[in-house]
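S.K.: Got a sequence here, can you build the structure:
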Amino acid sequence: MTETADTTDTAAERAFFDPDIRTPEMEMAERGEGVPSAADLDLAEINPANPHLFKEDRWQDHFARLRAEDPVHLNEIESAGRYWSITKYDAVRAVDGDWETYSSAKGINLGIKEIATAEQMPPQSLAPFIAMDPPTHTDQRKTVRNVSAPSNLRNVEPMIRERTADLLDSLPEGETFDWVDTVSIELTTLMLATLFDFPMEDRRKLTRWSDIVFAIPGPGGVVETQQQKFDELLECVHYFEGLWEKRRGNPGFDLVSMLANGEATRDIPVFNQLGNLLLLIVGGNDTTRNTMTGSIYGLNKFPEQYDKLLADPGLIPNLVPEVIRWQTPLPYMRRTATKDTELDGKQIKENDQILMWYISANHDEDVFDNGDVLDIERHNADRHLSFGYGIHFCMGSRIAELQLRVLWEEILQRFERIEVQDEPERVFSSFVRGYSSLPVTVTRR
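M.R.: Presented below is the predicted three-dimensional model:
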């Protein structure tokens, strides 16, 4: 154990170093089954971070009650200390926009706790730039931001369209298949492999690494044990180490080259770059693929909206932000208070954790009328907070929007309907609102 462990000041931060200290999501994963509806709980008992609520798609009434009765809501669990759930749109945006009061430096670890512990390293040495504050955050983010520049998007759109068209043309008609694996994962992984200039034959490794980052170890889960999670994340490090060395001094226009040669990142060993690599993998994979699936599921859940889209493909540009709002692929991000402060009348203490619930803000009745409904004609759909707000606004937002737009432009040219055959299997997580399978059939024009 390193001396750095003595400097941590909350149970959540100590959990980076001690694998015996349990995170709140792990604790609630084991104890949280059968959560009553929000109406049957005392207000103090409501804890929207319970992953069972998302696995069972029962989170809506919990957030609705918090928005109405306690929009800055305190929970305290022995394994995690004090943390606040911020559920109203304006308050979420205010926290996200104030990095000096609400720091990102302790906000997200991308599953690197196990590696930091095993290698006796402080977790900060493995942190992604999303878990940093300026100026370090600004310098490292700048290294890779050109990947989403408008000129690059124009260059990659023909490739995205060709791949999308080829995949859709290959789908079987008249038989049920899994949309998640066949379409959403395949398209996003192809894109991610391109952005990394990653060997195409190994591209599904990116999907696997993305899946295990926030996986809660347990029987029948994505990973069975903490050790398995650790071993597979180390495989990720070693694989990228080979790519890193090849690109040093011989860069292409890809994310690995940018990190290996960027002024703010080139002198950081690849092991210490693990956080940035995982951030870019998850950001380019989980979010887009789950929104692609969510668009199919949502339009089937609200078939009158599907009918509108079929009648008027010109609605696709508004469908894209509305689906991203309705799906909210990453329900929250965490910040840490840097000082005692007040938020909507509640006294926040220094080192308290703040959960900014984007998914609740995106359903806030004061901003989005009837927000639980997918409405592809919603006039303010682009006000959603799914990409965050402020200095951490999602760097890949334009690529995600492009992929989703192209997907639906190509779908409407080919299919009379894509029909969901059963309820989806959902990911067991309160951090990633995702789908592990969605059975569908297609009917061609």
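
S.K.: Which residues are in contact with residue 437?
M.R.: 178, 180-181, 424-425 (C-beta atoms under 8 Å, 6 or more residues apart in numbering). To be clear about C-beta, it is placed using only N, CA and C from the backbone, and glycine gets the same treatment.

S.K.: Can I have the buried ones of those as a ChimeraX selection?
M.R.: The ChimeraX command for the buried members of the contacts of residue 437 (criterion: 16 or more other C-beta atoms under 10 Å) is given here:
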select :178,180,424
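
S.K.: For the closest residue to residue 302 other than its chain neighbours, which three-state class applies?
M.R.: Distances taken as C-beta to C-beta, 6 or more residues apart in numbering place residue 374 nearest to residue 302, at 4.7 Å, with adjacent residues excluded. Counting by DSSP: H, G, I helix; E, B strand; the rest coil, the backbone at residue 374 sits in coil.

S.K.: from what I can see residue 374 touches residue 298, true?
M.R.: Yes. Residue 374 is within contact range of residue 298, at 4.3 Å (criterion: C-beta atoms under 8 Å).

S.K.: more neighbours, those two?
M.R.: residue 374 (25 against 21; other C-beta atoms under 10 Å).

S.K.: what residue lies at the spatial centre of this protein?
M.R.: Central residue of the chain (C-alpha atoms, centre = their mean): residue 330, 3.7 Å from the mean position.

S.K.: Residue 49 and residue 435, how far apart?
M.R.: To residue 435, residue 49 is 20 Å away according to C-beta to C-beta, to the nearest Å.

S.K.: tell me the contacts of the closest residue in space to residue 443 that isn't next to it in sequence?
M.R.: Distances taken as C-beta to C-beta, 6+ apart put residue 416 closest to residue 443, at 4.6 Å, once the chain neighbours are dropped. Neighbouring residues of residue 416 by C-beta under 8 Å, 6+ apart: 310, 443-445.

S.K.: Regarding the residue nearest to the centre of the chain, what is its secondary structure?
M.R.: Criterion first, three-state DSSP; result for residue 330: coil.

S.K.: I'd say it and residue 356 touch.
M.R.: No. Using C-beta under 8 Å, residue 330 is not in contact with residue 356, being 10.4 Å away.

S.K.: hang on, the earlier thing: got any residues that touch both of residue 374 and residue 298?
M.R.: 305, 323, 326.

S.K.: Most neighbours out of those residues, which is it?
M.R.: Neighbour counts for the shared contacts of residue 374 and residue 298 (other C-beta under 10 Å) peak at residue 326, which has 28 neighbours.

S.K.: Tell me the spacing between it and residue 60.
M.R.: If you measure residue 326 against residue 60 using C-beta to C-beta, the figure is 12 Å.

S.K.: what do you get for residue 324?
M.R.: Taken as C-beta to C-beta, the span from residue 324 to residue 60 is 18 Å.

S.K.: neighbouring contacts of stretch 181-196?
M.R.: Around stretch 181-196, the neighbours that count as contacts under C-beta under 8 Å, 6+ apart are 147, 156, 159-160, 163-164, 167-168, 171, 198-200, 203-204, 206-207, 243, 254-256, 280-281, 284-285, 288-290, 292-293, 399, 403, 407, 435, 437.

S.K.: Among those residues, which ones are in helices?
M.R.: 156, 159-160, 163-164, 167-168, 204, 206-207, 243, 255-256, 280-281, 284-285, 288-290, 292-293, 399, 403, 407 (DSSP state H).

S.K.: List buried members of those residues by neighbour count.
M.R.: If we count by 16+ other C-beta under 10 Å, the ones in helices among the contacts of stretch 181-196 have these buried: 156, 160, 163-164, 167-168, 206-207, 243, 255-256, 280-281, 284-285, 288-290, 292-293, 399, 403, 407.

S.K.: That concludes my questions; thank you for your assistance.
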